[in-house]
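Participant: sequence plus the predicted model coming up.
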Amino acid sequence: MMLYLHGFNSAPQSGKAVQLQQALARCGRAAEFVCPALHHRPARAIEQAEALIAAAAGQPITLVGSSLGGFYATWLAERHQLRAVLLNPAVRPVGTLEQYLGWQSNLYTGERYRLTEAHLTEMRSLVAVPSDYARYLLIVESGDEVLDHRVAVEHYKGAETIVVEGGDHALSSFPTHLPRILAFAGITGAG
């Protein structure tokens with residue numbers, strides 16, 4: 001199973017999620033792609049992911065986390081000893097999201113909710129430090145306008161790391177990384 005965890009105010013319809021799903025379909029493995037619409041509350045988002053991991057009943061799982069999803073993926077990878085692909089991951093989301101406290105709107109669904117201190121408190125309980133860097137693949141772009149890629153490179157020092165010069169927070173180079181992501185997950189075939 002490949003469990004994709006989208007970022008803050010994103011959804012399963014995001015470009016990277018759709019492209020990864022299509023890549024798995026080209027390999028004949030479409031049924032292995034799972035991308036839940038994560039709840040805006042971190043604790044609920046983790047509960048959703050935990051339920052999917054439990055339902056996988058021991059089959060191999062690779063997490064793919066984008067931005068805030070990368071933060072969640074790290075916590076889950078450490079808790080369950082899973083492999084994780086991190087795409088421009090948020091390493092310290094509390095500091096980044098403090099400036100966005102207040103009303104939010106999901107970019108894809110239009111759902112409105114209020115980002116509160118309770119969200120940040122839940123995030124603080126999910127901080128994880130990688131224990132086995134061999135289980136991580138980090139892909140970042142230096143032009144990320146939201147997160148400083150150097151923070152992720154330092155946090156995941158020792159992991160396989162791909163740094164693309166330029167780019168943006170959306171990870172413009174994502175399609176070029178699909179073959180490596182699939183190989184990291186142990187999936188062979190067209191990417």
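Facilitator: Here it is on my side, so go on. Numbers count the residues shown, from 1 in each chain.
Participant: strands of this structure, residue ranges please.
Facilitator: 2-5, 33-34, 62-66, 83-87, 102-105, 112-115, 136-141, 160-164 (DSSP state E).
Participant: need those in TSV (columns: mean pLDDT and mean neighbour count).
Facilitator: The way it works is simple: take the backbone N, C-alpha and C, and place the C-beta from them, glycine included. Output for the strands of the chain, formatted as TSV (pLDDT from 0 to 100; neighbours: other CB atoms under 10 Å):
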stretch	mean pLDDT	mean neighbour count
strand 2-5	98	26
strand 33-34	98	18
strand 62-66	98	27
strand 83-87	98	27
strand 102-105	96	11
strand 112-115	97	13
strand 136-141	98	25
strand 160-164	98	16
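Participant: format those as JSON lines; extra columns: distance to V151.
Facilitator: Output for the strands of the chain, formatted as JSON lines (distance: least, CB to CB, whole Å):
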{"stretch": "strand 2-5", "distance to V151": "19"}
{"stretch": "strand 33-34", "distance to V151": "28"}
{"stretch": "strand 62-66", "distance to V151": "15"}
{"stretch": "strand 83-87", "distance to V151": "12"}
{"stretch": "strand 102-105", "distance to V151": "23"}
{"stretch": "strand 112-115", "distance to V151": "21"}
{"stretch": "strand 136-141", "distance to V151": "9"}
{"stretch": "strand 160-164", "distance to V151": "12"}
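Participant: out of the ones you listed, nearest to H40?
Facilitator: strand 112-115 (5.0 Å; CB to CB).
Participant: now that closest one, how far from the centre of its chain.
Facilitator: On the basis of CA atoms, centre = their mean, to the nearest Å, strand 112-115 sits 21 Å off its chain's mean C-alpha point.
Participant: now for the residue nearest the centre of the chain: which residues touch it?
Facilitator: In the chain, the residue lying closest to the centroid (CA atoms, centre = their mean) is G65, at 1.0 Å. Going by CB atoms under 8 Å, 6 or more residues apart in numbering, G65 touches 4-5, 71-74, 84-87, 89.
Participant: make it 7 Å
Facilitator: 5, 72-73, 84, 86-87, 89 (CB atoms under 7 Å, 6 or more residues apart in numbering).
Participant: how near is G28 to V140?
Facilitator: Here G28 is placed at a distance of 30 Å from V140 (CB to CB, to the nearest Å).
Participant: quick check, A49 in contact with M1.
Facilitator: No - if you go by CB atoms under 7 Å, A49 and M1 don't touch, sitting 11.4 Å apart.
Participant: which of these two has more residues huddled nearby?
Facilitator: A49 (24 against 19; other CB atoms under 10 Å).
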